[in-house]
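> Pasting a predicted model and its sequence here:
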Amino acid sequence: MQHAALGFRAHSGWTTLVAMSLEEGSPHVLVRERPHLVKAFTYEFRQPYHTAKKKPAADAGEFIAGMRAEARALAHQAIRSVQATLQRQRYQVKCCGLLLSSAKPLPDLPQILASHALIHAADGELFRESLLHSSERCGLEMFTVKESELFDRASPALQLGSEELMRRLIQLGTGLGSPWTQDEKLATLAAWLSFARLDDQSRTLAK
């Protein structure tokens, strides 16, 4: 059975998900999806902290907790579905890569709801955390990297310059059709990096 990796680039209420394998050292896209992380795909639920700010203080925390649980359940469902699909194709998903924001750690809920900038940051963080939690629950080796640092981390790890990396990511979309946007390219690179990290760990253990 061959190995596969997942890559995620999360948005408010949904995520880009790419599954890839390495064929003779080069990435090969197996699956690309855009699963929802909320059941009702409306502003109210895709922007949970914005919605929580409009609620009484006593209800805000309960609403956020409910949305976090929902996002985790849907993320888990999406990952399990891809794992099952790939297993039928004789691929085992071993690891995944998740792109992070450059925001600082978030304070407690009352402080978040008092700041519009923190509300935006918290909305994104809720959905990234759901993917992190669900990936670990599914038994995947997790790799995270700030999106702003992705190419700086990838170039030395994969021994390819940034321009060559982007050229390869663009070429991967040839013949696949839409969508093959920046979301899919960066999610693929995150997955590719997770493979490199797993290989480094294996070599370290073998010494």
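That came in fine, so what should we check first? Numbering: from 1, shown residues only.
> can you tell me which helix in the protein is longest?
Counting residues, the longest helix found in the chain (DSSP state H) is helix 57-88.
> and that helix, what does it pack onto?
Helices and strands touching helix 57-88, by 3 or more C-beta pairs under 8 Å, 6 or more residues apart in numbering; DSSP states H and E, are strand 2-11, strand 14-23, strand 26-33, helix 48-53, strand 91-100, helix 109-113, helix 116-137. For glycine as for every other residue, the C-beta is placed from the backbone atoms N, C-alpha and C.
> try 6 Å
helix 48-53, helix 116-137 (3 or more C-beta pairs under 6 Å, 6 or more residues apart in numbering; DSSP states H and E).
> any idea how far that helix is from the chain center?
In this view, helix 57-88 has its centroid 13 Å away from the chain centroid, taken as C-alpha atoms, centre = their mean, to the nearest Å.
> what sits against Arg34?
Trp14, Thr16 (C-beta atoms under 6 Å, 6 or more residues apart in numbering).
> try it again with 10 Å
Counting by C-beta atoms under 10 Å, 6 or more residues apart in numbering, Arg34 touches His11, Trp14, Thr15, Thr16, Leu17, Ala78, Pro179, Asp183, Glu184.
> With Arg80 instead?
Listed by C-beta under 10 Å, 6+ apart, the contact partners of Arg80 are Val93, Ser134, Arg137, Cys138.
> And for Ile64?
Neighbour list for Ile64: Pro48, Tyr49, Thr51, Ala52, Lys55, Leu109, Ile112, Leu113, Ala122, Leu126 [criterion: C-beta under 10 Å, 6+ apart].
> Could you check how far it is from Gln47?
Distance, Ile64 to Gln47, using C-beta to C-beta, to the nearest Å: 12 Å.
> got it, and Gly97?
Going from Gly97 to Gln47 by C-beta to C-beta gives 25 Å.
> neighbour count winner among the two?
Gly97 (32 against 21; other C-beta atoms under 10 Å).
> what is that one paired to in the beta sheet?
With DSSP bridges as the criterion, Gly97 is bridged to Gly7, Phe143.
> just checking, it touches Ala10?
No: Gly97 is beyond contact range of Ala10, at 11.9 Å (criterion: C-beta atoms under 10 Å).
> Was I right to think Glu33 contacts Ala75?
No: at 11.9 Å, Glu33 does not count as touching Ala75 under the criterion of C-beta under 10 Å.
> More neighbours: these two, which one.
Neighbours were counted for Glu33 and for Ala75 using other C-beta under 10 Å; Ala75 has more, 28 against 15.
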